[in-house]
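> Here is the input, now give the coordinates:
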Amino acid sequence: MTINRSKVVIVGAGMVGSSTAFSLITQGVCDEVMIIDINKDKARGEVMDLCHCVEYLNRNVKVTQGTYEDCGDADIVVITAGAPPKAGQTRLDTLELSAKIAKSIVTPIMEAGFKGHFIVVSNPVDIIAHYVYKISGLPKNQVIGTGTAMDSARLKHFIGELFNVDPRSVQGYTMGEHGDSQMCPWSHVTVGGKRINDILSDNKEYDEINLDEIVYKVTRVGFDILNIKGTTCYGIATTAAGIIKAVLNDENKIIPVSTLLEGEFGEHDVFCGVPSILNRSGVSDVVEVHLTEEELEKFKKSVGVIREYTSKILSL
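Down below sits the predicted model:
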């Protein structure tokens, strides 16, 4: 009998990478978590600390330090290493440096014989995911950006606060760029199965709620956290763990990740956040929801922003 062990490699031992490792370990998502970082002492310290969690967890997840040469048998490689935005910058301002870092990671991993899935966390995530897809040569379903999955969790949190309900009772997501231009298809947002537009029209107490302001809040809250504590890590780490779990466990779960569009929503050759079915194959399908004319216009505007910056990197 052959027993297959699931192995997830995390490249980057910073706050996002180490938090992702912690989330995977505490949830018992896989059999082994390997951490790689250019700063080998930092990676070693994180591994040592994480190993000491096992006694109080539901399963013994093996935690190791590795190199790119060790990625050949990995099921998933998570790229968290990148260039964080400085004060006054947007995620797009970090593109060139983040692309160089991504190339320095992907090239040796592919040379090691890696045939699994890349989960890209590094920003600007839609463009970096597309770049990883290009230079890796892997099928499109095996390169997944975290896209608007984190933004959608924030959206549901804010809606849950407004109506005083568990955010998990909210169904909805944002689409497009993981950035300032993202949009929300409000025609598909429901709370306990009831459309949010109907809730607003049926209750005068909600007359002052501005849906555009909620989306704006979603786009800015990451920078609010950055300014307050210096980084965002727990939300995105748990988001990445949720994506990994959906893939490893063959869940067929719908999550708005960044994936390559080839005709969906009338768009081609661009990575952006769209609701996607995730299973062992990676992105098995895109859920092409029907958007209103106004929603489709906003979505295409957001895709246009991604495409403009993507063209600069893919032409290099």
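> If I follow the layout properly, His157 ends up in contact with Pro167?
Yes - His157 is in contact with Pro167 according to Cβ atoms under 8 Å; the separation is 4.9 Å. C-beta coordinates here come from the backbone N, C-alpha and C atoms, glycine included.
> mind listing the strands for the chain?
7-11, 32-36, 62-65, 76-79, 117-120, 143-145, 170-171, 190-191, 194-195, 253-262, 268-279, 282-286 (DSSP state E).
> Check these for me and report the most buried one.
Between those, strand 143-145 has the highest mean count of neighbours, a mean of 30, where neighbours are mean count of other Cβ atoms under 10 Å.
> Give me the helices and strands touching it, please.
strand 117-120, helix 125-136, strand 253-262, strand 268-279, strand 282-286 (3 or more Cβ pairs under 8 Å, 6 or more residues apart in numbering; DSSP states H and E).
> List the contacts of the spatially most central residue of the chain.
Ranked by distance to the mean C-alpha position of the chain (Cα atoms, centre = their mean), the top residue is Thr146 at 1.5 Å. Applying Cβ atoms under 8 Å, 6 or more residues apart in numbering to Thr146 gives the contacts Ile119, Val120, Val121, Val125, His178, Ile236, Thr239, Ala240, Ile243, Val257, Ser258.
> Let's see that with 6 Å instead.
Contact analysis of Thr146 by Cβ atoms under 6 Å, 6 or more residues apart in numbering lists Val121, Val125, Thr239, Ala240.
> so which of those residues comes closest to Lys301?
Val125 (18.4 Å; Cβ to Cβ).
> and the closest one, what pLDDT?
Looking at Val125, its pLDDT stands at 96.
> Surely it is in contact with Gly176?
No - counting by Cβ atoms under 6 Å, Val125 does not reach Gly176; the two are 12.0 Å apart.
> can you list the weak-confidence ranges in the chain?
1-2, 85-92, 315-316 (pLDDT under 70).
> cutoff 90 now
Scanning the chain for pLDDT under 90 picks out 1-4, 82-98, 204-207, 311-316.
> domain assignment for it?
What automatic domain parsing lists as the domains of the chain is 7-145, 149-314.
> Return the most buried member of those domains.
The highest mean neighbour count among those, using mean count of other Cβ under 10 Å, belongs to domain 7-145: a mean of 20.
> mind listing the helices for the stretch 1-150 of the chain?
Taking DSSP state H, counting those that start in this stretch, the helices of the stretch 1-150 of the chain run over residues 15-27, 40-51, 95-111, 125-136, 149-163.
> the inter-axis angle of the third one versus helix 125-136?
When you say that, I think you mean helix 95-111. 40 degrees (axes from the mean of the first three to the mean of the last three Cα atoms, to 10 degrees).
> list the helices and strands helix 95-111 packs on?
Contact here means 3 or more Cβ pairs under 6 Å, 6 or more residues apart in numbering; DSSP states H and E; on that basis helix 95-111 packs against helix 125-136.
> report the angle between the axes of the helix it packs on and helix 149-163?
160 degrees.
> now helix 125-136: how far from the chain's centre is it?
Put simply, helix 125-136 sits 13 Å off its chain's centre (Cα atoms, centre = their mean, to the nearest Å).
> Can you pull out the residues in contact with it?
In contact with helix 125-136 (Cβ under 6 Å, 6+ apart) are residues 98-99, 102, 106, 110, 118, 120, 122, 143, 145-146, 177-178, 258, 271-272, 306, 309-310, 313.
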